[in-house]
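Asks: Below are the sequence and a predicted model; questions follow.
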Amino acid sequence: MNKAKKKIKVSTILIYVFFIFMVVLYLAPVAWIAMTSLKTRPEIYKDPFGWPEVFQWENYKVAWEAGKLGIAMLNSLFVCVITLALTMLLGSMAAFAIGRMKWKLANAAMVYILIGMMIPVHCVLIPLFVRFARLGLSNNLWGLILPYLTFSLPTSVYIMTGFFRSIPNELLESACIDGCSIYKIFFQIALPLSRTGLFVTGLMTFIANWNELLLALVFISDDTRKTLPVALTKFVTPYQSTYDKMFPAIMIAIIPTIIVYTMFSNQIVDGLTTGAVKG
């Protein structure tokens, strides 16, 4: 018994050590960026890992004004919120049709949608740019929402299909017997029961589109329409990098994602564990 208890204690200690190591591994870069954002440029070059002599809170104000981060953040918020709403609505509707409704091409539709996960954005970048230029969607925020929605839907459909399939058949059958239409079953029964899946897909969609750079960099050229990741590129030039402005701008860019993840972390864990076990 004593040997078994010792083995359990050792394994528990090793698990805690591992988790502490992972926490430090993930938080250390964020802490270093936050510390560096409060330094002067000479301090950054002289001692990049040292503590700032005086906290330069003015760096955030300068970065906000120089990078026009206010309008860039509003643009990113507009694009991400619209994409998030459309992805969750269309993705959940497609997932419900594939996962719960019986029709011959359900599996073929699922395969077709999942093919979208295998296509890199680089392969369609030039065709999209040419087509959007002809349609007048280049240098337009809606020209970002459409490809963002396209690349977000496959993951959303894949995850939500698993949640809808885990709903007991008896529950949906009883709703049909009571006279519920397919729309009532979807909006009043299926969606509320799969809300944890919506949290998971919603967070993944928001963070992925909030940090997206390539499409926004290619499609948007007007400073008043640039998103936040594109605005950060202003601090890096071919001749120099203004690190005293760039690091505060990076902190401003990652704070919203940290807040969103912190607010919905419990729902994400519940969603992952619920989706892992059927029934």
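Replies: Received, thanks. Residues are numbered from 1 along each chain as shown.

Asks: And Gly275, what's its pLDDT?
Replies: Here, the pLDDT recorded for Gly275 equals 47.

Asks: can you map out the helices along the stretch 101-250 of the chain?
Replies: Remark: helices assigned in the stretch 101-250 of the chain by DSSP state H, counting those that start in this stretch are 106-115, 121-135, 142-165, 169-177, 182-184, 191-193, 195-210, 214-219, 228-232, 243-263.

Asks: now for those, which one comes closest to Met35?
Replies: Met35 sits nearest to helix 243-263 of all the helices of the stretch 101-250 of the chain, at 8.9 Å, using Cβ to Cβ. Heads up, the C-betas are built off the backbone N, CA and C, glycines and all.

Asks: what's next to the closest one, contact-wise?
Replies: With contacts defined as Cβ atoms under 8 Å, 6 or more residues apart in numbering, helix 243-263 is touched by 30, 33-34, 36-37, 39-41, 44, 56, 59-60, 62-64, 66-67, 69, 73, 203, 206-207, 210-211, 228-229, 231-232, 235-236, 268.

Asks: what do you get for stretch 136-143?
Replies: Under the criterion Cβ under 8 Å, 6+ apart, residues Asn75, Phe78, Val79, Phe129, Phe132, Leu146, Phe219, Ile220, Ser221, Asp222, Arg225 lie in contact with stretch 136-143.

Asks: Now do the contacts for the fifth one.
Replies: Phe132 makes contact with Ser138, Asn140, Gly143, Phe219, according to Cβ under 8 Å, 6+ apart.

Asks: can you do 10 Å?
Replies: By Cβ atoms under 10 Å, 6 or more residues apart in numbering, the contact set of Phe132 is Ser138, Asn139, Asn140, Trp142, Gly143, Leu144, Leu146, Pro147, Val218, Phe219.

Asks: Need the max-distance pair from those residues.
Replies: With distance counted by Cβ to Cβ, no two of these lie farther apart than Trp142 and Val218, which are 15.2 Å apart.

Asks: Which one's more surrounded, these two?
Replies: The residue with the greater number of neighbours, taking Trp142 and Val218 and applying other Cβ atoms under 10 Å, is Val218; the counts read 17 against 13.

Asks: Okay, the more buried one and Gly67: tell me how far apart.
Replies: Val218 sits at a distance of 19 Å from Gly67 (criterion: Cβ to Cβ, to the nearest Å).

Asks: which residues touch the residue most central in space within the chain?
Replies: A centroid search over the chain (Cα atoms, centre = their mean) returns Ile207, at 2.0 Å, as the residue closest to the centre. Counting by Cβ under 10 Å, 6+ apart, Ile207 touches Cys80, Pro256, Thr257, Val260, Tyr261.

Asks: any idea which of the helices of the stretch 101-250 of the chain is most buried?
Replies: The highest average neighbour count among the helices of the stretch 101-250 of the chain, using mean count of other Cβ atoms under 10 Å, belongs to helix 228-232 at a mean of 23.

Asks: counting contacts, what elements does that one pack onto?
Replies: Contact here means 3 or more Cβ pairs under 10 Å, 6 or more residues apart in numbering; DSSP states H and E; on that basis helix 228-232 packs against helix 58-66, helix 69-99, helix 195-210, helix 214-219, helix 243-263.
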